[in-house]
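Asks: quick one: sequence plus predicted model below, questions after.
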Amino acid sequence: MLRSLSLRLLLVVACAAAGAPAVADVAKGEKLYRQCQGCHSIGPDAPNGFGPQLNGVFERGPGGAEKYSYSAAFNRAVKQGMRWTDASLDEFLTAPLNYIPETRMAYPGVKNREDRQEIIAYLKLVGPDGELPETEKVKANRKRKQPRPLAAEAEIPAHGVLHLGRVALPEEIAAWDIDIRPDGQGLPEGSGSVIDGTDVYESGCAACHGIFGEGMGRWPVLAGGHDTLTDDRPEKTIGSYWPYLSTVFDYVRRAMPFGNARSLSDDDVYAVTAYLLYLNDQVDEDFVLTSENFTSIRLPNEGNFITDTRLAEVKTTVASDPCMTDCFDEPAVVTQRARILDVTPDKDTDEGSSATID
């Protein structure tokens with residue numbers, strides 16, 4: 001998804017700077033761009049991330065971000081005369097790997113032409129300095145929030161010996177108290193359907209996890225894995241391994257999308273969770289997950305988990321001191337090695353590493 005966003009961003013800039021007609025919804029483009037923020041940043045002093053920063057990307061031309069290491073394939077394309085125009089950028093974003101084979105942009109592409117236009121219309125407003133002039137449409141669609149009270153403005157009570165610290169503000173407690181238990185405690189009010197979850201998932205999750213949860217590169221698989229737990233390399237998904245649906249909801253709400261955590265509304269999280277259940281053949285396509293029916297959902301492997309009773313077990317004692325040296329006739333040898341499983345790629349050189357926009 002990060003790659004898709006980066007692709008979209010490039011298209012936007014190219015078309016915009018080239019004088020593409022402003023037929024797109026800039027406010028919607030601003031919202032769509034949020035999916036790109038995990039890899040690409042804009043704004044004053046915007047840093048490079050998985051992908052280069054996108055300030056004035058069309059004006060500076062392809063490969064123009066300072067201190068960013070572009071892929072060899074992309075550099076070759078630039079040397080061969082590639083330039084961003086409405087047509088070239090649109091073609092690139094439609095299918096990056098078709099346009100530049102071996103580019104690190106492994107995202108399958110932005111298939112919806114209107115989405116590309118909307119992102120382009122938004123990026124057209126971003127200058128080389130990262131400043132983003134606000135149009136009336138953008139202003140009208142941006143929700144204004146009341147500023148939160150500052151911690152420094154909170155009264156410090158006279159408690160304790162050293163009088164350090166203060167009572168946490170209700171807003172601060174609410175921001176941290178988001179855990180959800182298997183019995184449903186902590187669930188927010190809300191609902192989401194499989195159909196709505198399809199849209200949220202495809203725009204925020206599919207670039208890493210695949211359209212059908214099959215995983216892209218080294219990003220985790222989210223669906224399938226039935227009857228694989230006894231295999232040497234089991235696929236541990238919510239349909240094959242996870243015991244509780246609350247863990248799925250809590251994790252998505254707390255940490256996803258990658259690079260843009262806490263950007264989903266509660267209804268979005270309900271919808272994505274419903275869609276993941278659908279991908280794992282646990283519900284039908286017309287299913288709607290709500291705070292009322294949430295605890296009625298049971299995952300297939302729940303019964304194979306047992307309660308940890310070690311604290312209640314009777315302690316055993318050893319009659320003699322344990323042997324600490326020369327305990328075996330032969331030296332210890334390594335018979336197996338644990339598999340290193342970095343589920344979140346974090347380097348450009350990693351296979352299937354996070355998508356970038358060149």
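Replies: Sure thing, it's come through. Residues are numbered from 1 along each chain as shown.
Asks: any chance you could map the strands in the protein?
Replies: 191-193, 288-290 (DSSP state E).
Asks: show residues contacting the last one.
Replies: This means strand 288-290. 190-194, 270-271, 273-274, 277, 283, 297 (CB atoms under 8 Å, 6 or more residues apart in numbering). Glycine gets a C-beta too; all of them are placed from N, C-alpha and C.
Asks: now with 6 Å, please.
Replies: 191-193, 270, 273-274 (CB atoms under 6 Å, 6 or more residues apart in numbering).
Asks: quick check: domain ranges of this protein?
Replies: Under automatic domain parsing, the residue ranges defining each domain of the chain are 2-138, 191-304.
Asks: mean pLDDT lowest for which of these?
Replies: With a mean of 71, domain 2-138 has the lowest mean pLDDT of those.
Asks: what's around Gly225, how many residues?
Replies: 20 (other CB atoms under 10 Å).
Asks: isn't it right up against Arg233?
Replies: No - between Gly225 and Arg233 there is no contact under CB atoms under 6 Å: 10.2 Å.
Asks: tell me how far Asp45 lies from Cys39.
Replies: Counting by CB to CB, to the nearest Å, the gap from Asp45 to Cys39 is 17 Å.
Asks: which residues in the chain form helices?
Replies: In the chain, the helices defined using DSSP state H lie at 2-17, 26-33, 57-60, 72-79, 86-94, 96-99, 113-123, 136-141, 170-176, 194-204, 206-209, 245-255, 266-279.
Asks: what angle do the fourth one and helix 86-94 make?
Replies: For helix 72-79 against helix 86-94, the angle by axes from the mean of the first three to the mean of the last three CA atoms, to 10 degrees is 170 degrees.
Asks: chain center to helix 72-79, what's the gap?
Replies: Here the centre of helix 72-79 is set off from its chain's centre by 28 Å, with CA atoms, centre = their mean, to the nearest Å.
Asks: in it, what's buried?
Replies: By 16 or more other CB atoms under 10 Å, the buried positions in helix 72-79 come out as 74, 77-78.
Asks: save the strands of the chain as JSON lines, and put in mean neighbour count too.
Replies: Listed next are these as JSON lines, based on neighbours: other CB atoms under 10 Å:
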{"stretch": "strand 191-193", "mean neighbour count": "20"}
{"stretch": "strand 288-290", "mean neighbour count": "20"}
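Asks: Pro62: which of the ones you listed is closest?
Replies: Closest approach to Pro62 among the strands of the chain (CB to CB): strand 191-193, 38.8 Å.
Asks: note down every partner strand of the closest one and its orientation.
Replies: strand 288-290 (antiparallel) (DSSP bridges).
Asks: the closest residue to Asn75 other than its chain neighbours and Val334, how far apart?
Replies: Spatially, and ignoring its direct neighbours in sequence, Asn75 is nearest to Gly63 (6.4 Å; CB to CB, 6 or more residues apart in numbering). As judged by CB to CB, Gly63 and Val334 stand 46 Å apart.
Asks: next one: Arg76
Replies: In terms of CB to CB, Arg76 sits 44 Å off from Val334.
Asks: with just CA atoms, put stretch 268-286 into CSV.
Replies: Extracted in CSV, the C-alpha atoms of stretch 268-286 (Å, rounded to 0.1, in the frame of the first residue of the first chain):
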residue,chain,number,x,y,z
ASP,A,268,-13.1,1.4,9.9
VAL,A,269,-11.5,-1.1,12.3
TYR,A,270,-14.8,-3.0,12.6
ALA,A,271,-15.1,-3.1,8.8
VAL,A,272,-11.5,-4.3,8.3
THR,A,273,-11.9,-7.0,11.0
ALA,A,274,-15.1,-8.2,9.3
TYR,A,275,-13.3,-8.4,6.0
LEU,A,276,-10.4,-10.4,7.6
LEU,A,277,-13.0,-12.8,8.9
TYR,A,278,-14.5,-13.1,5.4
LEU,A,279,-11.0,-13.8,3.9
ASN,A,280,-10.7,-16.6,6.4
ASP,A,281,-14.1,-18.1,5.5
GLN,A,282,-15.6,-17.3,8.9
VAL,A,283,-18.4,-15.1,7.8
ASP,A,284,-20.5,-14.4,4.6
GLU,A,285,-20.0,-11.4,2.4
ASP,A,286,-23.1,-9.7,3.7
